[in-house]
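K.L.:
The following block contains a protein sequence and its predicted model.
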Amino acid sequence: VQLQACGGGSVQAGGSLRLSCAGSGRTFRNYDMGWFRQAPGKEREFVAAISWSSGNKYYTGSLKGRFTISRDNTKNTVYLQMNSLKPEDTAVYYCAADPRITPTQSLYNYWGQGTQVTVSS
């Protein structure tokens, strides 16, 4: 499956953005999806994941309540709604696909190219 992330941009603290990740192929609905991010000078970290049916969702603890992951299998797209953004949310955000839902990035087989999110104070 090929993934294309978009929706990043520059926003002031307290603002919102919605990232999208479009997948190609009819097998998209068979994959669990994850969002990760990499801030400047830091390692890439887990943000959120969602199962193929949307029945299970996981978030890294510090982001739960501000970020919401969702998907629309009819559009082969997974979303990350980000609210109350903070400067520390500045990073390149990546989507990834795997047959099993997991926060472990090394287990994801397919990755999108990343989209930049910049939050100014």
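P.N.:
Here it is on my side, so go on. As the structure is a prediction and not an experimental result, all values here were calculated from the model.
K.L.:
and the closest residue to residue 89 other than its chain neighbours, what does it touch?
P.N.:
If the residues on either side of it in the chain are set aside, residue 89 comes closest to residue 119, at 5.1 Å by CB to CB, 6 or more residues apart in numbering. In this view, the C-beta of every residue, glycine as well, is placed from N, C-alpha and C. Residue 119 makes contact with 10-13, 15, 85-90 under the criterion CB atoms under 8 Å, 6 or more residues apart in numbering.
K.L.:
Of these, which belong to helices?
P.N.:
Of the contacts of residue 119, none are assigned to helices by DSSP state H.
K.L.:
quick revisit: the residue nearest to residue 89: which element?
P.N.:
Secondary structure assigned from DSSP states H and E places residue 119 in strand 115-120.
K.L.:
Sheet partners, orientation included, of that strand?
P.N.:
Counting by DSSP bridges, the strands paired with strand 115-120 are strand 9-12 (parallel), strand 91-98 (antiparallel).
K.L.:
Quick check: which element contains the residue positioned nearest the centre of the chain?
P.N.:
The centre of the chain sits closest to residue 35, judged by CA atoms, centre = their mean, with a distance of 2.6 Å. In this structure, residue 35 sits in strand 32-38 according to DSSP H and E.
K.L.:
Put the alpha carbons of that strand into PDB.
P.N.:
Presented in PDB, the C-alpha positions along strand 32-38 are these (Å, rounded to 0.1, in the frame of the first residue of the first chain):
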ATOM      1  CA  ASP A  32      -4.300  -0.800  10.900                       C
ATOM      2  CA  MET A  33      -2.900   2.700  10.700                       C
ATOM      3  CA  GLY A  34      -0.600   4.800  12.800                       C
ATOM      4  CA  TRP A  35       0.600   8.400  13.100                       C
ATOM      5  CA  PHE A  36       4.100   9.200  14.200                       C
ATOM      6  CA  ARG A  37       6.000  12.400  14.500                       C
ATOM      7  CA  GLN A  38       9.600  13.500  14.500                       C
END
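K.L.:
Let me see the ranges of the strands in the chain.
P.N.:
Listed in chain order, the strands of the chain (DSSP state E) span 3-6, 9-12, 17-23, 32-38, 45-50, 57-59, 67-72, 77-82, 91-98, 110-111, 115-120.
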